[in-house]
Structures are given as C-alpha cells and as structure tokens.
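Enquirer: any chance you can model this:
(chains A and B)
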Amino acid sequence: MIELQHVTKLYPASARPALDDVSTEIDKGEFVFLIGSSGSGKSTFLRLLLKEDDPTTGTVVVNGKTLHTMSKWAVPKLRRTMGCVFQDFRLLRNRTVEQNVAFALEVINKPQRTIKRVVPEVLEMVGLEGKAGRLPGELSGGEQQRVAIARAFVNRPLVLLADEPTGNLDPETSEGIMLLLERINRTGTTVIMATHDYHIVDSMRRRVIELNGGVITRDQSRGVYGVGR
Amino acid sequence: MRVNFVLSEVATGLRRNVTMTVAMILTTAISLGLMGTGLLIAGMISDMKEIYYDKVQVSIFLADGVTEEQRASVEGQLVQLQDEGEVKAFLYESKEQAYERFQEQFSQQPDLVQNTPPDALPESFRVELVNPERYDVIAAEFPDGVDGVDQVRDEGDFLDRLFSLLNGARNATIAVAVVQALAALLLISNTIQLAAFNRRNETNIMRLVGASRWYTQLPFILEAALAGLIGALLAIGGLVLTKLLFVDKALAGPIKAGIIPPVDWAEIAFISPIIAAAGVGLAATAAYVTLRLYVRL
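Expert: The predicted model follows:
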C-alpha cells in the first residue's frame, strides 16, 4: 500500500536531513500513529506521501505507484486517492459546511447528482447533519474538524493523512475525533496520523512509528507513546 | 468542467482587486491602441507609396527657351532608353498642363494659385523608370543646362525622405506600444500573483483534493484574458474615435486633395481582430507563465 525505501530528504536551508534513510511499509487498512518531537520529520513524511515534495534519494511507493517517476499531470489523480486533515482545519470561511464538503468534489468534476447524494451522507456520518447550512465561524473547533474530516473522506480515499488533527482541541473533543477516525479506518481506509497527543496514542494501542531527528527509532504494533517520558 | 464555478471564480477575482484590474486594463488598452495606430500608419505608408511612387519618378524640366528640335531630341533619347529597357513610360507635360495640375494640387491654397502666373511652371518630361534606383542613368543622359534641359530631378529622393519620416513615426509608435506592453505584462503578472494569494486557501485545498492543474489555473488565466479583451475593446474604441474626431476632421483637406490616403473602416475592421487576439493572447500567456513561475498550485 505505502512503502518507503531508504528515503532521505534534505532541505536546502538545513544541513541535517529531515528524513535520514527511512524505510518502512504500511499495509492497506492499517491505523498508524506517527510520533516524535517537532522537527523529527513527521510532516516531511506526510508531504512525501502526497508528493508535495520529492525525496532527495530513495523511493516512495503509494498504491503501487512510484512517486518520483510519476508525471506531474498524474499527481492530482494520486491525491484523489488520499484525504488530508490538518491541525488548523483549513476550511473556506465564506462557504457553508455543506459547500466546503461539496467543494472537494466539485473541483474534481464529480457530477452534481453524485455530490447531492454523498455530501449529506458523509455529514451524517461525522454527526453534522443538522449544521449543513452553517458557516465554519459559527462552529466549535471539534465541529470544524469534523467538517474537515468529512471533506477529506467524502471521495472515499484509500488513505487518510491526519497531521495533528487534535492539536487544537480539548481532550473530550479529541476523543470524539478519534472515534470518527477509527470508524473511517474500519471502512478499510488506511489512516496515518501524526500526533503529539500521548493520551490518544496510549489509549488506542495501534501501530506507532516514532521518528527522531529524521530516523525511525521505533516501529511497534499496538504501541504506546513512549517510556521514560 | 463546471462552467459556473470557473466563471464565478473569475468574477470574484476581478472584483476583489478592482484597482489592479483597472490599471491592468488601461495599460493594456493604451499599449494595444498604440499598436493599432502603428499598424494603421504602416497601412497608410504603403497606400501613400502606391499613390506616389506609381506616378512620376524622374522629372526632366526643360529650359524656358527650349527649341522644337531640342524637345524632339530629348523625346528621341527617351524612346531609345525605353527600347533599352531603362524607361518604362514617359509623358510630356506642357506649361499649360503643368499649371492645370498645379491649380488642382493646391486648390486648398487659392492665394498661392492666384499669385502664380500661368507660364511660371516649366514644361517637362515625366519619366517612369523600370528600376526606380537607376536615376543616375537618366541624370547622366541629360546633363543639367545642356541642350534645352534645365534640370533633372529625382522625385523619388524627396519621397524617400518623406517616407523615412513616416516610417520613423510608425517605429516610434510601435516602440512606445512595446514599452507599454511590457508595463501591461508586468501588471498582469502582479495582478495574477495577488489574485493567487487572495485565493490561496481555495487553491491549496484544490491541490490537496486532487483538482487538475487546469481546473486550478483556468480561473486565473481567464481573469487575465478577460482583462486583455476589455483592454482590446477600449483600444479599438480609441481607434474609432481617433478616426472620427481626428483623421476625418482635422485631416479632411489633405485627404480630399489626395495627398494623404484616408483611414478606411475596412482597415480598422481588419486590425481590430488582430488587436483583440494580441490582447487576449498576451494576457493569458502572461498569466500562465506567472502561475508557472511564481505560484504553487
């Protein structure tokens, strides 16, 4: 499903690599926590999967496609198979909940009929069926993140990438978001979540990949955030 | 492609930075207007060349006291030159004919006509050369002041000077148009960068959910193209006004006298699509290149 082979990523501004000879594999349907301190390479890891950047050396394979040999025109197709959720939600402030979710489908040319059908479905799934007409500014943080998740999931991606999705939320709200991500994972979608939130990692007991200075220092199924913390 | 989506994005984009859009449209309009003017002058020059160069190229003015024989000898020499392939055609113009033509040419200046006695103008042979550059041959054949010939004059020489002046005007107009076009291109590039910055949230999301490059870029390119089209329409309007208010009014006299060719509607109709295509094409290209170079989509 996802494979990194000896991936090193150097940014021109920094002497130390953001990722240093990283190799790992993630299977379809897995739920993976990507942990590590700030600057450990988590975000670079996610960016490489999205082909927002190319590795300096090494190979990244997603859905059987080697990313660095992929033509620029094929990148949108790759991204249609992946959903993204961020700490800061990234919703369009001037569009309603419904429009925000529909936007993701409109810009990839889905027929209006399909959009009319699937948007209410996914809003119901994330528990926002009553708030379709609200603007993001009228929602709580947790609700906004649910909208973002709905938008990321509405096209049924194979992989959901979540970069600190609970970073701006209180523990109870975070728990709700995690239940939602788990539910999405149960539909067969691979979920890769970068996080600092050890409560969540410890309570979920899923696979944990720990990055430290660009190197994988731990890869453990049913792991916890860390010992000696 | 969802037409409504793209069009509403274009409209929002143009409205959001009105001042930049207006500046972009105006510089484009000025540039295209000057380009159109340059093209019109170029057309005028070629029309004038047809009017003038087709007429006499070399005049052989005869002296006042020329005899019958001398005149016949000059004519004989011209016939010979015609046989040799130097002279294409020639015609004789008597003092009376010269005066008539003079009256006609300067009908706008009656004072000048009145003050010129009918016999003041010399009789002449007006010679059309096969190759207008071969003026020297005629000049050598008919030395000034010998055998009843007063003076041989190369009318083409005067015309060349006139046309080099007109060519200069055309080149200057086009040069200013090019400089303006550069300013317009930079403004377009700037406006597009601004528009892309304003819409960075939308385009970021579009990029992440896998919208195609075209889908993301098209609103920006159309935005520029639309501004280019409006600029072109203004430029065409400017040319129409110039024809109506300046060329047709201020230059009415010389045009009637046949000294300056008129600017036809057909010419404006001919260059209008060129201007429109240039405006739309340049703006769209500038936008595309800007997006390619500066904007991550």
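
Enquirer: shouldn't residue A:16 be within a strand?
Expert: No - assigned with DSSP: H, G, I helix; E, B strand; the rest coil, residue A:16 falls outside any strand and is coil.

Enquirer: is it true that it touches residue A:214?
Expert: Yes - in this structure, residue A:16 is within contact of residue A:214 by CB atoms under 8 Å, at 7.1 Å. The C-beta positions use only the backbone N, C-alpha and C, and glycine is treated the same way.

Enquirer: so for those two, which residue has more residues nearby?
Expert: residue A:214 (22 against 10; other CB atoms under 10 Å in any protein chain shown).

Enquirer: list the contacts for the more buried one?
Expert: Going by CB atoms under 8 Å, 6 or more residues apart in numbering or on different chains, residue A:214 touches A:9, A:16, A:17, A:18, A:19, A:20, A:22, A:40, A:41, A:44.

Enquirer: which residue comes closest to the first one once chain neighbours are left out?
Expert: Excluding the flanking residues, the one nearest residue A:9 by CB to CB, 6 or more residues apart in numbering or on different chains is residue A:19, at 4.3 Å.

Enquirer: do the same with the fourth one
Expert: Distances taken as CB to CB, 6+ apart place residue A:44 nearest to residue A:18, at 4.2 Å, with adjacent residues excluded.

Enquirer: so that neighbour touches residue A:9, yeah?
Expert: Yes - counting by CB under 8 Å, residue A:44 touches residue A:9, with 5.3 Å between them.

Enquirer: what strand or helix carries the residue nearest in space to the middle of chain A?
Expert: Centroid-nearest residue in chain A, with CA atoms, centre = their mean: residue A:161, separated by 1.4 Å. Here residue A:161 is covered by strand A:159-163, with elements defined by DSSP states H and E.

Enquirer: give me the domain ranges for the chain.
Expert: Unless you meant another one, I'm taking chain A. Using automatic domain parsing, the domain ranges for chain A come out as A:1-81+A:157-224, A:91-156.

Enquirer: you answered for a different chain; I wanted chain B.
Expert: B:3-52+B:160-294, B:55-155.

Enquirer: out of the ones you listed, which one sits most buried?
Expert: domain B:3-52+B:160-294 (a mean of 18; mean count of other CB atoms under 10 Å in any protein chain shown).

Enquirer: just the pLDDT at the closest residue to residue B:268 other than its chain neighbours, thanks.
Expert: Nearest non-adjacent residue to residue B:268, counting by CB to CB, 6+ apart: residue B:239, 5.7 Å away. As predicted, residue B:239 sits at a pLDDT of 93.

Enquirer: residue B:239 belongs to a strand, doesn't it?
Expert: No - assessed with three-state DSSP, residue B:239 is helix; it does not lie in a strand.

Enquirer: residue contacts, it?
Expert: B:33, B:36, B:37, B:40, B:268, B:271, B:272.

Enquirer: ok, so of the residues you listed, who is nearest chain A?
Expert: residue B:272 (36.0 Å; CB to the nearest CB).

Enquirer: what do residue A:44 and residue A:9 both touch?
Expert: By CB under 8 Å, 6+ apart, the residues touching both residue A:44 and residue A:9 are A:18, A:19, A:53, A:214.

Enquirer: enumerate the residues of chain A near chain B.
Expert: A:50, A:72-73, A:75-84, A:90, A:92-93, A:103-104, A:106-109, A:151, A:155 (CB under 8 Å from any CB of the partner chain).

Enquirer: strands - which of those residues land there?
Expert: Applying DSSP state E to the residues of chain A next to chain B, the entries found in strands are A:82, A:83, A:84.

Enquirer: could I get those in JSON lines, plus columns for pLDDT and distance to residue B:135?
Expert: Listed next are those as JSON lines, based on pLDDT from 0 to 100; distance: CB to CB, whole Å:
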{"residue": "A:82", "pLDDT": "95", "distance to residue B:135": "80"}
{"residue": "A:83", "pLDDT": "95", "distance to residue B:135": "83"}
{"residue": "A:84", "pLDDT": "94", "distance to residue B:135": "80"}
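
Enquirer: closest to chain B out of these?
Expert: residue A:84 (4.9 Å).

Enquirer: so the closest one makes contact with residue A:155?
Expert: No - counting by CB under 8 Å, residue A:84 does not reach residue A:155; the two are 11.4 Å apart.

Enquirer: give me every residue that touches residue B:65.
Expert: Contacts here follow CB under 8 Å, 6+ apart; on that basis residue B:65 touches residue B:148.

Enquirer: just to revisit the earlier point, drop anything exposed from the residues of chain A next to chain B.
Expert: Listed as buried from the residues of chain A next to chain B are A:50, A:75-76, A:78-80, A:82-84, A:90, A:92, A:103-104, A:106-108, A:151, A:155; burial here means 16 or more other CB atoms under 10 Å in any protein chain shown.

Enquirer: quick one: list the elements packing against the helix or strand where the residue nearest to residue A:18 lies.
Expert: Following DSSP H and E, one finds residue A:44 within helix A:42-49. Identification of packing neighbours for helix A:42-49 by 3 or more CB pairs under 8 Å, 6 or more residues apart in numbering or on different chains; DSSP states H and E yields strand A:2-9, strand A:19-26, strand A:31-35, strand A:57-62, strand A:159-163, strand A:190-195.

Enquirer: same list (the ones you listed) but as CSV, adding mean pLDDT.
Expert: Conversion of these to CSV gives the following (pLDDT from 0 to 100):
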stretch, mean pLDDT
strand A:2-9, 94
strand A:19-26, 94
strand A:31-35, 94
strand A:57-62, 94
strand A:159-163, 96
strand A:190-195, 95
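
Enquirer: just for the chain, where's the confidence low?
Expert: In the absence of a named chain, chain A is used. For chain A, residues meeting the criterion pLDDT under 70 lie at A:227-229.

Enquirer: can you look at chain B instead?
Expert: Applying pLDDT under 70 to chain B flags the ranges B:1, B:53-56, B:133, B:297.

Enquirer: can you name the residues of it that neighbour chain A?
Expert: B:1-2, B:5, B:201-202, B:204-213, B:215-216.

Enquirer: following the strand or helix carrying residue A:101 in sequence, what is the next regular element?
Expert: Using DSSP H and E, residue A:101 sits within helix A:97-106. Note on helix A:97-106: by DSSP H and E, the next helix or strand toward the C-terminus is helix A:112-125.

Enquirer: other SSEs contacting the longest helix seen in chain A?
Expert: Counting by DSSP state H, the longest helix found in chain A is helix A:171-186. Contact here means 3+ CB pairs under 8 Å, 6+ apart; on that basis helix A:171-186 packs against strand A:31-35, helix A:141-153, strand A:159-163, strand A:190-195, helix A:198-204.

Enquirer: a markdown table for those, including distance to residue B:168?
Expert: Formatted as a markdown table, those follow (distance: least, CB to CB, whole Å):
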| stretch | distance to residue B:168 |
| --- | --- |
| strand A:31-35 | 70 |
| helix A:141-153 | 63 |
| strand A:159-163 | 64 |
| strand A:190-195 | 68 |
| helix A:198-204 | 78 |
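
Enquirer: tell me which of these sits nearest to residue B:95.
Expert: helix A:141-153 (94.9 Å; CB to CB).

Enquirer: and that closest one, which residues are buried?
Expert: A:142, A:143, A:144, A:145, A:146, A:147, A:148, A:149, A:150, A:151, A:152, A:153.

Enquirer: now residue 211. Nearest residue, chain neighbours left out?
Expert: Because you didn't say which chain, this covers chain A. Closest to residue A:211 by CB to CB, 6+ apart is residue A:36, at 3.8 Å.

Enquirer: look at chain B instead
Expert: According to CB to CB, 6+ apart, the nearest residue to residue B:211 is residue A:107 (3.8 Å).

Enquirer: quick one, what contacts the one you found?
Expert: B:5, B:205, B:206, B:209, B:211, B:215, B:216.

Enquirer: pretty sure the fourth one sits against residue A:81.
Expert: Spelled out, it's residue B:209. No - the pair residue B:209 / residue A:81 is not scored as a contact, 10.7 Å apart, by CB under 8 Å.
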